[in-house]
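[1] Sequence first, then the predicted structure, then my questions.
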Amino acid sequence: MASNAAPVQSHVASVQLPSEFKTEYHPRSGRSTIYQTFDEFGIAQETQDAPIDEEPWRPFRSRGDFEFSEIALDAALNKSQINALLGLISRISQGQAQITLTIPVTYKRNEQEYEVHARPIWDWALDLLDNPMLAPHFVWDACRVYKHNGTEFERFFDEPWTGDRWWDIQSSLPPDVENAVPFCFILYADKTKLSSHGTVKGYPVVVRCANLPVDIRNGEGFGGGRVVGWLPIVPEDAAEEGKLGYTTLKRVVWHEGFFKLLEHAAQHSKTGYSHKGYNGIPRWLFPVILILSADYEEQCMMSLIRGRGGKCPCPVCLVPLAELHDLSKSYPIRTVEEAQEALRVHKLSKAQGEQVLKALGLRPVANVFWLVLRSSPHDALSLDRLHSLHAGLWKHLLGELKIILASLGRDAQEAFENHRIANFPRWRNLNHFESVINISFTDGNKYQDLSKQTLYPALNILTHRASPVGYQLLRVISSYLQLDSWIGLDVHTESTLAAIEAELLVFDAELKAYITCAEESDIEKLKLDWDFPKTHLWKHVVRDIRRKGVARNYSTRPNEKLHGPLKDTYHHRTNGKDVATQILRIDHHRFSLKLLRERVNALDEHCRLQALGDLGEEDAPIAFNGHVKLGSPAPHPSTIIDVESRGQTDRAFQSFRRKFSEFINTALPTYGHQLTSWLTLPGDFKIHEHRYLKVHYESAVDWRQNTDHLRCNPQFHGQPRFDHALIQLTAEKTTFVRLIFMFKCDISNIGPFEFALVQPYTTITGPRRMDRIFKLTRVKAVPRSSSIFIPLSSFIRGAVLVPDSERQDEYFIADHIDGDIFLRMKARRVQ
C-alpha cells in the first residue's frame, strides 16, 4: 500500500442518507401529508414558547434555600434533621402523594386484607399535562412516516405513534367527538428484593407517557418514569403453595390492587376527558394502556395465563407448549373476547369452565385491563430484550457453551478465557470480562455485553472437527447475534423487518440442527428441551414493532434503573418497619425536588440564551474542527526528529520526517493551498501529540448524531490503548485503520493542521467458508512500516477489531457493538 493517502477535504458518510421524508397523518387529525428534506425532518412546527417561571424555586424563599434542601436530601441526614427538611419539601408538590388502601379478598371463606399504595395514573397524567415545560412535546396524532430509499418511499417505525396500534386506536374513538385523541400509558411492574438477603421485597409500579418522545419518557427528568404504586405481595405458604386456589388468590390480589391505579383512567376511557393544551387547542383525551413492559413472570400475571406449565404458555398467542421451539409455525393471537367468554362459562359451570380455561392456558380471574377500553393486555404486552434475550435465551446459550468447553478439557477453557475473552479490545460503555467460565451474573446488561464478545474467541476452539456440537452451537449463537442486532435498532424499515423475519427462520433451522447434534452427542447435561417461552417470545417482535414502534419503547431497562434508588432508600432511610410508606414518601420528596430542579434549569437556560443576545446559539463559537476534536495533549511539544527516533523500536515511525514531508506537499494543494515550491520540514519542526479523539458522526440507524471516543495512548489506565477507526480513504473508498500517533502542527505561512499516523487494514477478498457461515468481516493489517498519514477530518467513526488467534495480522470487525456499525457492515458486504 502507498505510504500516504490522498486526503479528503470533508467527511463523507459511507451510508447514503435520505434526502426526503414523507409524513402521513391520521385522517381525524385534520392535518395534510407533508414532505420534508433531511434538514427539516423532525423539527416541530412553530409553537408558542412555554412560559418561564422567574422564581422557580418557590415555595423556598430563595434559590440558595432550595439548593441546600436538594443537597441535604441526597446527603442522608439524621432523622431529626431530615424531618424538619422534609416537612418543608412536602408542600411543594402540585400532585398528591400515594395513598394507602386495603383490599379485601376472600380465601377459603375467610376475608383477608392486603395493603396497596396507589396514586391513580390519571392524576399523574394531569400533572404532566399541566407542566408548561412538557406541554410543547406531547404528540397526539398517529402518523405513518416514510423515507425515500432512492427508488420509492419506504415506511419506517420508531416512536409508538408511528405504529399501527395508535392509528387503529385513534380510528376507534367516538366519531362524534371532535379532536378525540388517545392518552397512551406505558406500565411496568415487577417484584424486587430490597434487602441484601432477599427477605424484604417491594412491588413497585412505574408509569410512563407514550405521547412524549423517547428521550423524555425514558429519561430521568419530570417527564420520565414515576413510581405510582406499590402492590401487595401474598406471603409464601408452604402448605398452600402450588394449589390452584392459592395461585388464583395471588392473581386476584394483584388485579384488585392494580384497579386502584386504573380506576379513573378506566372511567375516562369510556367518556373521554376534556383538556385545553398550553396552545389553547381543546382536545378530548381517551386513556389507553398502549404498552405493558414486563419480564415473562409479570407478563403471565398481567395476561392471567398459567405460565410455562400451561397448555399455551405464550401471553400473546395460542402456541402449544410442545411447539415453543418451532419458530416456523404461527398460531392465533389471543383476544379479550375469547378470555371473557371462557370466564363466563366458568361462572356458569366451574368444571366445564376449567376445561375451557385450561385449554387456553388462562386463570379463572377477571383481568383488570379489560376495564380500560382499547387496552387488550395481549396487544399491550411486548418483547423485552433484557429478560427474554440477554438474561433469558442468551443465558441458556452461554450455559451450553460452558458445558461444551468443559467437555474439551482445561486447555480449551483456558484458551477461551485467558487467551481470548480477556484480550477482547476495550470499548467505551462495554463491560470487559477477565473470567467467564466459573462466574454467573444477575445483571442482564453484562449478559448483553458478553454476548457481543463470545463468538470470536470460540471460533478457533469449537471447530467442526474438534466439536461438531460446539460448532453447531456457534451457528446458533451467530444467528442469535444477528437477530439481537436487528431487533435492537432504534429505527426500523420494511427492509429491516423483512430481515428479522428471514433470520428468525435461520435461527429456527440452526436450533433444530443443534438439538439433533446434542441428542447424538455423548456430552452430558446438554439441553434437549427448548420448549420454553423465551425461545418463542421473539416470534412476535415484528408484530410488536409494526404496532408499537421499536423495541426500546417497551424495554424494561429504564424501569429497572428505578429499583436502585428504592433499594438505597430502604437501606439508608427506613427503620425496617412500614417500609413501603417510608420508601414512597421519600421517593415523592425526590420527585418534588426534581420538578423544581427542572424549572430552575429552564430559567438558567433562558437567561443564558438572553445573554448571548443577537449572537444566537447557532453562531456561538465551538471548539470542534468539523466533526472531530482532539484532546489529552502531551505536556510538551516534540520535534519531528524526536518523533522519528521512535522508529528504533516501532517501524511505523521509520522515515517519519520524509514521509510526512511528502504527504503535506501532496495534501496541501487539495486543501486549496497553492505551493510555489517544495516544503521542507526542519529538524526542529514542532509536533504537538494528542492521545484522545472525539468523533461525531451521523448514525446509519436513525440519522442522529452519535459520538465515539478514541484513545491513542501508550498508558491508558496502566495499559496501552490504540483504538481502531473507520475512515474515508478516498472519495469512493473507506477502510479500517489502527491509531498510531495523533498530532497538531503549524505549517509556516499556511496555518495549523491536525493529522494522524495510522496502520491501514485491507479487506480480504474471497472470504473463508467460516466467514460466510458466521457472517464475519475479516481484514488484514498491512506491515507497520507501511503506515500512512491521514487528516483527522477523514475519520468516520470508531471501530472494534478482534484479532484472529490462528492467523497473524488478521482481524474480525466486531459488528454487533452497536446498530450503526452493524448496518455499515451489512451495506459493505452487499457492495
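    All right, it came through fine. Numbers count the residues shown, from 1 in each chain.
[2] in the stretch 201-350 of the chain, which spans are helices?
    For the stretch 201-350 of the chain, the helices defined by DSSP state H, counting those that start in this stretch occupy 214-217, 244-271, 296-303, 336-348, 350-360.
[3] Of all the ones you listed, which one is nearest residue 502?
    When these are compared by C-beta to C-beta, helix 296-303 sits nearest residue 502, at 25.6 Å. Where C-beta positions appear, they are placed from N, C-alpha and C, glycine not excepted.
[4] Point out the most buried one among the helices of the stretch 201-350 of the chain.
    Highest mean neighbour count among those (mean count of other C-beta atoms under 10 Å): helix 296-303, with a mean of 22.
[5] roughly how far is it from the heart of the chain?
    Taking C-alpha atoms, centre = their mean, to the nearest Å, one finds helix 296-303 lying 22 Å from the centre of the chain it belongs to.
[6] How about stretch 263-278?
    That offset, for stretch 263-278, works out to 31 Å (C-alpha atoms, centre = their mean).
[7] How far does it stretch from one end to the other?
    In stretch 263-278, first residue to last residue: 26 Å (C-alpha to C-alpha, to the nearest Å).
[8] can you give me the helices for the stretch 51-200 of the chain?
    Under DSSP H, counting those that start in this stretch, the stretch 51-200 of the chain gives helices at 63-74, 79-89, 121-129, 164-172.
[9] meant to ask about the stretch 651-800 of the chain, not that
    So, for the stretch 651-800 of the chain - with DSSP H, counting those that start in this stretch - the helices run 656-667, 769-773.
[10] Could you list the buried residues of the longest one?
    For helix 656-667, the buried set under the neighbour-count rule, 16 or more other C-beta atoms under 10 Å, comprises 656, 657, 659, 660, 661, 662, 663, 664, 665, 667.
[11] which one among the residues you listed gets closest to residue 809?
    Closest to residue 809, out of all of the buried residues of helix 656-667 and judged by C-beta to C-beta, is residue 659, at 20.9 Å.
[12] now that closest one: how far from residue 802?
    Applying C-beta to C-beta, to the nearest Å, the value for residue 659 to residue 802 is 29 Å.
[13] between the helices of the stretch 651-800 of the chain, which one is nearest to residue 209?
    helix 769-773 (45.2 Å).
[14] what's the distance between that closest one and the middle of its chain?
    29 Å.
[15] Give me the residues contacting it.
    459, 475, 478, 776, 777, 778 (C-beta atoms under 8 Å, 6 or more residues apart in numbering).
[16] hmm, which of those are the buried ones?
    Judged by 16+ other C-beta under 10 Å, buried ones among the contacts of helix 769-773: 459, 475, 478, 776, 777, 778.
[17] export the helices of the stretch 201-350 of the chain to TSV and tack on distance to residue 739 and mean pLDDT?
    Shown next, in TSV, are these (distance: least, C-beta to C-beta, whole Å; pLDDT from 0 to 100):
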stretch	distance to residue 739	mean pLDDT
helix 214-217	31	95
helix 244-271	53	94
helix 296-303	44	97
helix 336-348	58	97
helix 350-360	59	96
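[18] sorry, back to before: just the ones of the contacts of helix 769-773 in strands?
    Taking DSSP state E, the ones among the contacts of helix 769-773 that sit in strands are residue 778.
[19] and of the contacts of helix 769-773, the nearest to residue 119?
    Of these, the one sitting nearest to residue 119 (C-beta to C-beta) turns out to be residue 478, at 46.8 Å.
[20] The closest residue in space to the closest one that isn't next to it in sequence and residue 588, how far apart?
    In this structure, residue 478 finds its nearest non-sequential neighbour in residue 774, 4.5 Å apart by C-beta to C-beta, 6 or more residues apart in numbering. Distance from residue 774 to residue 588, counting by C-beta to C-beta: 52 Å.
[21] My read is that residue 165 contacts residue 548, right?
    Yes - applying C-beta atoms under 8 Å, one finds residue 165 in contact with residue 548, separated by 5.6 Å.
[22] Find residues that contact each of the two.
    With contacts taken as C-beta under 8 Å, 6+ apart, the residues that reach both residue 165 and residue 548 are residue 290.
[23] Lowest-scoring secondary structure element of the chain by mean pLDDT?
    helix 79-89 (a mean of 51; mean pLDDT, DSSP states H and E).
[24] how far away is residue 757 from residue 743?
    The value you get for residue 757 to residue 743, if C-beta to C-beta is used, is 8 Å.
[25] between the two, which one's more packed in?
    Set residue 757 next to residue 743 and count neighbours by other C-beta atoms under 10 Å: residue 743 wins out with 25 against 22.
[26] Tell me, what's the model's pLDDT at the more buried one?
    Note on residue 743: pLDDT of 97.
[27] Any idea what it is bridged to?
    Beta-bridge partners for residue 743, by DSSP bridges, are residue 689, residue 755.
[28] what sits against the spatially most central residue of the chain?
    In the chain, the centroid-proximal residue (C-alpha atoms, centre = their mean) is residue 552; its distance is 5.4 Å. For residue 552, the contacting residues are 214, 218, 490, by C-beta under 8 Å, 6+ apart.
[29] try it again with 6 Å
    For residue 552, the contact set (C-beta atoms under 6 Å, 6 or more residues apart in numbering) is empty.
[30] Doesn't it belong to a helix?
    Yes - counting by DSSP: H, G, I helix; E, B strand; the rest coil, residue 552 is found in a helix.
[31] Could you check how far it is from residue 819?
    Residue 552 sits 11 Å away from residue 819, going by C-beta to C-beta.
[32] Check residue 329 too.
    The value you get for residue 329 to residue 819, if C-beta to C-beta is used, is 29 Å.
[33] Looking at these two, which is more packed in?
    Set residue 329 next to residue 819 and count neighbours by other C-beta under 10 Å: residue 819 wins out with 21 against 10.
[34] neighbours around the nearest residue to the more buried one once chain neighbours are set aside, how many?
    Using C-beta to C-beta, 6+ apart and skipping residues adjacent in sequence, the residue nearest residue 819 is residue 701, 4.3 Å away. Residue 701: 23 surrounding residues under other C-beta under 10 Å.
[35] begin at 13 from here
    Understood, numbering begins at 13; the last thing we discussed is residue 713.
[36] shouldn't residue 713 be in contact with residue 501?
    Yes - counting by C-beta atoms under 6 Å, residue 713 touches residue 501, with 5.3 Å between them.
[37] intersection of neighbour lists for those two?
    residue 831.
[38] Run through the stretch 563-712 of the chain and note the low-pLDDT ranges.
    Counting by pLDDT under 70, the stretch 563-712 of the chain shows low-confidence ranges at 604-608, 610-611, 614-615, 618, 621-637.
[39] Strands of that one, start to end?
    Ranges of strands within the stretch 563-712 of the chain are 640-645, 650-651, 698-710, based on DSSP state E, counting those that start in this stretch.
[40] Need those in a markdown table (columns: mean neighbour count and distance to residue 313).
    Output for the strands of the stretch 563-712 of the chain, formatted as a markdown table (neighbours: other C-beta atoms under 10 Å; distance: least, C-beta to C-beta, whole Å):
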| stretch | mean neighbour count | distance to residue 313 |
| --- | --- | --- |
| strand 640-645 | 18 | 49 |
| strand 650-651 | 16 | 65 |
| strand 698-710 | 19 | 42 |
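[41] closest to residue 310 out of those?
    Residue 310 sits nearest to strand 698-710 of all the strands of the stretch 563-712 of the chain, at 37.5 Å, using C-beta to C-beta.
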